[in-house]
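**Student:** Here is the input, now give the coordinates:
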Amino acid sequence: MRVLSNYIIIEESVVDHKESMTGLITTADNASKMRYHDGVVMHVGPEVKYVIVGDNIMFDKAQGHHITIDDKTYRIIREQDIAVVL
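**Tutor:** From the prediction side, this is the model:
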């Protein structure tokens, strides 16, 4: 697979609950309402400057498109849609 321009293919994290650094436990239902989701960078385009394959990121869930390849679902986003590299 070859990604073009400043696009990034990510695999979204799927969790049933998550505990924050402050001890707050977020359920899957609450996480779906949050603006940012987390994921792992799988492929990057040649114009991407600030992330590399394997980085854990948080991105705006309203951005990007879903694709399915070999029965796995990925999201394609632009580098500008990333809020944080963890």
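
**Student:** C-alpha only now, for contacts and for neighbours.
**Tutor:** Noted.

**Student:** Could I get the full set of helices for the chain?
**Tutor:** 28-33 (DSSP state H).

**Student:** Confidence-wise, which helix or strand of it is lowest on average?
**Tutor:** The element with the least model confidence among the helices and strands of the chain, by mean pLDDT, DSSP states H and E, is strand 17-19, at a mean of 55.

**Student:** Parallel or antiparallel, which strands does the lengthiest strand in the chain pair with?
**Tutor:** Among the elements of type strand in the chain, defined by DSSP state E, the one spanning the most residues is strand 36-44. With DSSP bridges as the test, strand 36-44 is paired with strand 7-12 (antiparallel), strand 56-60 (antiparallel).

**Student:** which outside residues touch that strand?
**Tutor:** Contact partners of strand 36-44, identified using CA atoms under 8 Å, 6 or more residues apart in numbering, comprise 2-4, 6-13, 31, 51-61, 83.

**Student:** for the protein, what are the low-confidence residue spans?
**Tutor:** Within the chain, the ranges that satisfy pLDDT under 70 run 14-33.

**Student:** Mind checking which residue lies nearest the centre of it?
**Tutor:** Ranked by distance to the mean C-alpha position of the chain (CA atoms, centre = their mean), the top residue is residue 39 at 3.4 Å.
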